[in-house]
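[1] Give the three-dimensional model of this entry:
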Amino acid sequence: MPHSLTPSRRPQSCDDRRCRRAMDERPALLLSHLLVNNRPFQVTLTKTGLCWRSLQPRKPPATGGEKHCVPVAEIIAVREPDVDEINKECRRWQKMPSVSSESILHTFTVYHVQRSKEHHWWCREVTFCCSDQQLCNQWVQALEEQLDLQAMRPKNLIVFINPFGGKRLGKQIYDEKVAPLFQLACITTEVIVTERANHARDYLLEADLEKYDGIVSVGGDGMFSEVMHGVIGRTQNNACINQNHPDAELGPCDLRIGIIPAGSTDCICYATVGANDPVTSALHIIVGDSQPIDVSSVHHQNMFLKYSVSLLGYGFYGDTLLDSEKNRWMGPSRYDFSGFKAFLTHQCYEGTISYLPATDTLSSPRDQRPCTAGCAICQNSGEQSQKAREYKILKSEEQKQWKVIKGKFLAINLANMSCACPKSPNGLSPAAHLADGTMDLILVRKCSRFSFLRHLIRHTNGNDQFDLAFVEVYRVKRFKFVPKYSDEEDGDIQEVSKNLFGQFCRDHPTCSSVQLASSWNCDGEIIEHAAIEVRYAGFFYLLHCPSQPNNGWLSSLEINLFGTLH
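    Modelled structure (predicted):
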């Protein structure tokens, strides 16, 4: 099971020697001498790749060598010239009687993924020429047959565009950068531009989704969360499963969700793809890249609140988000402004944390090696979970030992993934796994502003942000938090608590009241209830063959997040 900021299961580049050697060992489906840029090449097609090798090497050799290989899985499309273009060329040739019919070249163009630095992809095209029309048709047919065998590629997508997120460029990004690529790949799309909050969620709860094999979210983390809640809510309703029950098993989601980044932070996209680039994400979607992703469910007193796939943050990150909602007119810079205010306020919150340690995992949040493509930890976790459920040997939660921590905290963070973003390339929890059925609980206890600043700076410079006396990190399965005082208490208790915590006001003379409880930041959305229970309950399986039924067990949630493997 793959993770963010890591190489794909596929070969890294056209010049990868192992890739070319593996392709060469495969029996050739076609082998011909064709022209590329007016130079002769030996072109070979196998079931795994397309290779072309120059028959007239340059002296000195060109940079990158004279042999190129592209995996079939990374070929986007093959096209012959349009009829109008052919007619135009024919009229030009008719004015040159000295040119024989044998010299007329027939062409086809292969569009494929070209990998660049920093995990970026772009679409490259190579045009092959030959004088034999039948041979040209044979190549086009053979390539199209191999592309048809790529079963994981989507054919029909529904696209939701948030025109208000980030810098309000969502529709422009889709129209100019993404739609042409989908059209090139012969992907049929239905585009819906959202007009209000939860527009996409409400649509997905009611619409007929049978004809779609994927959903694309064009926007930020909030837009993705809205789409995700619509898909999961629809699945749960169809299965007659009560989402309010914290221990209810959730049904599998058949639809995959893709992300085109067009928001303010795009944390989920960056943490899974490695770049916030619309073209890169679109190409991942086109070639059918998929990866499993774990999701936690958040409850308050047996009432379902939200699902989370990236970050649950209380204290600093909750206060930052709550204040930023008042300054949406500032655009993405509102997060910097509100974060600075939260840092100056330096508000601590007292409460009790209970967590269930992840004792059956082979990994640790202090691991130096991050989760990579084909992660053995994630694969092993999934296999163990499936066997345990098949033979019903799972221990009950009551038989496990919960840990309890009390104190005053500047920040309480629960990370399902690394939560990496351009400003924090390693993320809040660099060693977090995408599909190991655990969460990383990060506690920042009360400390000085300077010490807290050191912790924040370490998120940006690559130093260990956990190697501080006031920071604790645990890998957990479940989590509960109860604040010492909350807004749900009656007025008398609140008045007493204000008197008890009057020191906060003395520390901040401009305050007219004491803020006793923060809000939870759930993937960029506010949860106002301070007392919550979070369940991150296990594994799920992404079946790479869509013709087979999805038999993977889903404990908290299963979504197939596609377009996010690099």
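[2] hey, let's count contacts and neighbours off CA atoms from now on
    Fine.
[3] can you pull the buried residues of stretch 177-197?
    178-179, 181-182, 185, 189, 193-194 (16 or more other Cα atoms under 10 Å).
[4] cool, and stretch 468-480?
    Buried positions in stretch 468-480, judged by neighbour count with 16+ other Cα under 10 Å: 470-471, 473-480.
[5] can you check stretch 413-428 too?
    So stretch 413-428, judged by 16+ other Cα under 10 Å, has buried residues 413-422, 424-428.
[6] Mind naming the longest helix for the protein?
    Determined from DSSP state H, the single longest helix within the chain is helix 221-238.
[7] How far does that helix sit from its chain's centre?
    Averaging C-alpha positions (Cα atoms, centre = their mean, to the nearest Å) puts helix 221-238 15 Å from its chain's average.
[8] Which SSE is immediately downstream of it?
    strand 256-261 (DSSP states H and E).
[9] which strands and helices sit next to the helix or strand just after that following strand?
    As assigned by DSSP H and E, the chain's next helix or strand after strand 256-261 is helix 267-273. Contacts defined by 3 or more Cα pairs under 8 Å, 6 or more residues apart in numbering; DSSP states H and E place helix 267-273 against strand 256-261.
[10] list the helices and strands the strand it packs on packs on?
    Contacts defined by 3+ Cα pairs under 8 Å, 6+ apart place strand 256-261 against strand 214-219, helix 267-273, helix 278-287, strand 559-562.
[11] and it, which strands flank it?
    Sheet pairing here is set by DSSP bridges, and for strand 256-261 it gives strand 214-219 (parallel), strand 559-562 (parallel).
[12] shaky segments in the stretch 1-150 of the chain?
    Flagging of the stretch 1-150 of the chain using pLDDT under 70 yields the residue ranges 1-26, 58-65, 83-103.
[13] Show me where it has its helices.
    In the stretch 1-150 of the chain, the segments counted as helices under DSSP state H, counting those that start in this stretch are 17-25, 83-94, 133-148.
[14] Give me the buried positions along the last one.
    Buried residues in helix 133-148, defined by neighbour count with 16+ other Cα under 10 Å: 136, 139-140, 142-143, 146-147.
[15] Make JSON lines out of the residues you listed and add distance to G331.
    JSON lines is the format used below for these (distance: Cα to Cα, whole Å):
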{"residue": "C136", "distance to G331": "52"}
{"residue": "W139", "distance to G331": "50"}
{"residue": "V140", "distance to G331": "47"}
{"residue": "A142", "distance to G331": "49"}
{"residue": "L143", "distance to G331": "46"}
{"residue": "Q146", "distance to G331": "45"}
{"residue": "L147", "distance to G331": "42"}
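[16] which of these lies closest to T272?
    When the buried residues of helix 133-148 are compared for distance to T272 (Cα to Cα), L147 wins out at 25.2 Å.
[17] Leaving out sequence neighbours, find the closest residue to the closest one.
    Nearest residue to L147 in three dimensions, chain neighbours excluded: V72, at 7.1 Å (Cα to Cα, 6 or more residues apart in numbering).
[18] quick one: that neighbour from C130, how far?
    Distance, V72 to C130, using Cα to Cα, to the nearest Å: 21 Å.
[19] same thing with D175?
    D175 is 35 Å from C130, by Cα to Cα.
[20] Kindly report the same for L45.
    Going from L45 to C130 by Cα to Cα gives 16 Å.
[21] quick one: which of the two has more around it?
    For L45 and C130, the more surrounded residue by other Cα atoms under 10 Å is L45, and the numbers stand at 26 against 21.
[22] Tell me who's in contact with that one.
    28-31, 51 (Cα atoms under 8 Å, 6 or more residues apart in numbering).
[23] top of these by neighbour count?
    With neighbours defined as other Cα under 10 Å, the most crowded of the contacts of L45 is C51; it has 22 neighbours.
[24] just for the stretch 251-400 of the chain, where's the confidence low?
    For the stretch 251-400 of the chain, the ranges with pLDDT under 70 are 372-373, 381-400.
[25] does A415 have beta-bridge partners, and which?
    When bridges are called by DSSP bridges, A415 pairs up with L311, D440.
[26] Quick check, it in contact with L428.
    Yes - contact criterion Cα atoms under 8 Å: A415 and L428 qualify, at 7.4 Å.
[27] Pull out the buried residues from stretch 350-361.
    Within stretch 350-361, the residues that qualify as buried are 350-351, 353-358, 361, counting by 16+ other Cα under 10 Å.
[28] picking up where we left off before, rank the strands paired with strand 256-261 by mean pLDDT and give me the bottom one.
    For the strands paired with strand 256-261, mean pLDDT drops lowest on strand 559-562, to a mean of 48.
[29] gap between R369 and E125?
    Taken as Cα to Cα, the span from R369 to E125 is 36 Å.
[30] These two: who's more crowded?
    Neighbour totals were compared for R369 and E125, and E125 leads with 15 against 11 (other Cα under 10 Å).
[31] Surely that one touches Y111?
    Yes - using Cα under 8 Å, E125 is in contact with Y111, at 4.4 Å.
[32] Low-confidence ranges, the stretch 401-550 of the chain, go.
    Under the criterion of pLDDT under 70, the regions of the stretch 401-550 of the chain flagged as low confidence span 486-515, 537-550.
[33] can you do 80?
    Applying pLDDT under 80 to the stretch 401-550 of the chain flags the ranges 485-515, 536-550.
[34] Quick one: the strands in it, in order.
    Assigned by DSSP state E, counting those that start in this stretch, the strands in the stretch 401-550 of the chain fall at 403-415, 439-445, 471-483, 520-522, 525-527, 532-535.
[35] what's the angle from the second one to strand 471-483?
    Between strand 439-445 and strand 471-483, the angle formed by their directions is 90 degrees, by axes from the mean of the first three to the mean of the last three Cα atoms, to 10 degrees.
[36] helices or strands up against strand 439-445?
    strand 403-415, strand 471-483.
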